[in-house]
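Visitor: need a 3D model of the following:
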Amino acid sequence: MALDDATVLVESIIDLRRSRAGQFPPDLFIGEQGWDILLELFVADAHGERLTARELLQRIGGSRIAGERWIRFTNSQGLTVSDGEGRLDDIVTATPEALQRVEVWAAGCIDFILRLVEPRMEHLRRHR
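Guide: As a prediction, this is how the structure comes out:
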């Protein structure tokens with residue numbers, strides 16, 4: 001399956017965020033579980049995966065209790081949907097609106113990166 005640019009970027013961001021733990025204490029990065037949930041569900045959707053709350057919380061790390069609270073919050077905001085009553089074995093998915101919003105955010109990131117890199121690439125081409 002060919003992945004689109006947004007999915008590749010989001011996967012790279014997840015990998016980069018995880019790599020920070022090699023240089024810093026992992027507890028330093030526990031503060032964005034809600035965002036991590038959306039990124040993981042975006043990638044899972046692109047790969048045709050369905051994640052249980054337990055699998056999702058294992059991927060994002062941090063406290064199970066806080067993670068469950070974030071799942072309830074993202075559900076209440078219409079960003080995620082769970083197929084049960086809040087159990088760890090319930091399937092959690094991002095809503096179409098959340099997927100579209102992450103896609104738009106990722107496209108903006110790609111545009112920003114290209115604007116940053118293109119002038120430098122042109123400079124390198126001229127000075128070979």
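
Visitor: neighbours of Val43, how many?
Guide: Residues lying near Val43 (other CB atoms under 10 Å) number 22. Quick note: C-beta positions are derived from backbone N, CA and C, even for glycine.

Visitor: that one and Pro25, how far apart?
Guide: 25 Å (CB to CB, to the nearest Å).

Visitor: ok, now Gln77?
Guide: Distance of Gln77 to Pro25, given as CB to CB: 30 Å.

Visitor: tell me which of the two has more neighbours.
Guide: Gln77 (12 against 8).

Visitor: how about the secondary structure of Val92?
Guide: Secondary structure for Val92, judged by DSSP: H, G, I helix; E, B strand; the rest coil, is strand.

Visitor: ok, it - contacts?
Guide: Listed by CB atoms under 8 Å, 6 or more residues apart in numbering, the contact set of Val92 reads 37, 41, 51-53, 56, 71, 80-83.

Visitor: many thanks, I have nothing further to ask.
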